[in-house]
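[1] no letters, just coordinates:
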């Protein structure tokens, strides 16, 4: 049975990608420090709306820049701490951030593999994957969602050429705010 977005309630979990969903993704590069981090203005409007709709909001993000030595894990945790502070200051919420610094594309924790979803379920046993949505800007995010049994929402911020309908995409929106408003 197809999901009706209006059926989503506070028992649901929202999985979010970071780069290209919450913040501007650097083309062929990495956001290596807080000075390089730039929110999409609409994401700061969307996150308070989403905080009221979902029981848990978790970020699942591949961060190969750490694995490549282009930034440190401290740089990454500093970015995340500042990002969460700004989101909370706007009335939003992030319950946890899961990240994978592995270079091996076959790592269980690197999207599109579902390892970070299983980490979230371990930390928050109340998560029910059938009542969860993954929002991302790449087909690898959608494949991650499919492999974990999540519903999927594609935001066309960075890859508007991605075809839709698509077997891994349940819904498509221009950005995170358009998704939040559809709820």
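    Arrived safely. Just so you know, these numbers come straight off a predicted model, no measurement behind them. Numbering: from 1, shown residues only.
[2] count of neighbours near the nearest residue to residue 156 once chain neighbours are set aside?
    Leaving aside its chain neighbours, residue 156 sits nearest to residue 174 (5.7 Å; criterion: CB to CB, 6 or more residues apart in numbering). For the C-beta atoms, the positions are set from N, CA and C on the backbone; glycine is no exception. The local packing of residue 174 (other CB atoms under 10 Å) involves 12 other residues.
[3] ok, and for stretch 128-140, which residues are buried?
    For stretch 128-140, a neighbour-count test (16 or more other CB atoms under 10 Å) marks 129, 131-140 as buried.
[4] repeat for stretch 114-122
    114-121.
[5] outside of that stretch, which residues touch it?
    The contact list for stretch 114-122 (CB atoms under 8 Å, 6 or more residues apart in numbering) reads 13, 15, 56, 58, 60, 96, 98-100, 107-109, 127, 129, 132, 144, 147-148, 150.
[6] again with stretch 18-38
    16, 39-40, 43, 47, 59, 61, 63-65, 70-71, 75, 78-79, 82-83, 87, 97, 135-138, 155, 157-158, 176.
[7] re earlier: list buried residues within the contacts of stretch 114-122.
    13, 15, 56, 58, 60, 98-100, 109, 127, 129, 132, 144, 147-148, 150.
[8] about what we covered before: in strands, which of the buried residues of stretch 128-140 appear?
    132-136 (DSSP state E).
[9] who does the top strand by length along the chain pair with, and is each partner parallel or antiparallel?
    In the chain, taking DSSP E as the definition, the longest strand is strand 56-62. Strand pairing for strand 56-62, determined by DSSP bridges: strand 13-16 (parallel), strand 96-100 (parallel).
[10] which residues touch the longest one?
    Among residues not part of strand 96-100, those counted as contacts by CB under 8 Å, 6+ apart are 18, 56, 58-63, 76, 80, 84, 107, 109-111, 115-116, 119-120, 123-124.
[11] stretch 150-168 now?
    With CB under 8 Å, 6+ apart, stretch 150-168 has contacts from 3, 15, 20-21, 25, 40, 117, 129, 132-139, 141-146, 169-176, 178-179.
[12] what's the nearest residue to residue 17 if we skip its chain neighbours?
    residue 136 (3.8 Å).
[13] may I have the residues that are in contact with the one you found?
    Neighbouring residues of residue 136 by CB under 8 Å, 6+ apart: 16-17, 20-21, 111, 142, 144-145, 152-155.
[14] hang on, the earlier thing: weed out the non-buried ones from the contacts of stretch 18-38.
    16, 40, 43, 47, 59, 61, 63, 65, 71, 75, 79, 83, 87, 97, 135-138, 155, 157, 176.
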